[in-house]
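*Asks:* sequence plus the predicted model coming up.
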Amino acid sequence: MDMRAGEKIRVLMKRKGISMGDMAEGTGQTRQNLSNKMKRDDFSESEIKKMAAVIGYTADIVFRDIDGSIVL
């Protein structure tokens with residue numbers, strides 16, 4: 001079973017000891033707004049990159065062809 005983006009972000013936040021409040025502050029949004037986005041799993045690419053930076057990672061969105069070659 002694949003994990004949704006929000007689930008992956010929560011796992012990484014937990015590993016790094018980052019709270020929802022810390023993440024909300026670091027990404028310039030309210031805790032409630034972030035919580036709603038996490039529940040809906042509704043993030044733009046730029047939001048994912050901001051969240052990754054808050055927890056000390058980078059995020060790259062990659063599209064691959066069925067054969068594995070990178071398309072974008």
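*Replies:* Arrived safely.

*Asks:* center of this structure - which residue?
*Replies:* Taking Cα atoms, centre = their mean, the centroid of the chain lies closest to residue 48, which sits 4.0 Å from it.

*Asks:* apart from its neighbours in sequence, what residue is nearest that residue?
*Replies:* residue 59 (5.0 Å; Cβ to Cβ, 6 or more residues apart in numbering). For every residue, glycine as well, the C-beta is placed using N, CA and C.

*Asks:* surely that neighbour meets residue 46?
*Replies:* No. Using Cβ atoms under 8 Å, residue 59 makes no contact with residue 46, being 10.0 Å away.

*Asks:* compare those two and say which one has the larger neighbour count.
*Replies:* Using other Cβ atoms under 10 Å as the criterion, residue 59 and residue 46 rank with residue 59 on top: 19 against 10.

*Asks:* now do the contacts for the more buried one.
*Replies:* Applying Cβ atoms under 8 Å, 6 or more residues apart in numbering, we find residue 59 in contact with 48, 49, 51, 52.

*Asks:* inside helices: which ones of those?
*Replies:* Judged by DSSP state H, helices contain the following of the contacts of residue 59: 48, 49, 51, 52.

*Asks:* mind putting these in a markdown table, distance to residue 28 and pLDDT included?
*Replies:* Formatted as a markdown table, those follow (distance: Cβ to Cβ, whole Å; pLDDT from 0 to 100):
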| residue | distance to residue 28 | pLDDT |
| --- | --- | --- |
| 48 | 14 | 95 |
| 49 | 13 | 95 |
| 51 | 11 | 96 |
| 52 | 15 | 96 |
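
*Asks:* quick one, helices of this protein?
*Replies:* 5-16, 20-27, 31-40, 45-54.

*Asks:* go through the third one and flag the buried ones.
*Replies:* The neighbour-count check on helix 31-40 (16 or more other Cβ atoms under 10 Å) flags 34, 37, 38 as buried.

*Asks:* could you do the last one as well?
*Replies:* Residues of helix 45-54 classed as buried by neighbour count (16+ other Cβ under 10 Å): 47, 48, 49, 50, 51, 54.

*Asks:* contacts only, for the closest residue to residue 30 other than its chain neighbours.
*Replies:* Sequence neighbours aside, residue 24 is the residue nearest to residue 30 in space, at 6.0 Å (criterion: Cβ to Cβ, 6+ apart). Residues in contact with residue 24 (Cβ under 8 Å, 6+ apart) are 30, 31, 33, 34.
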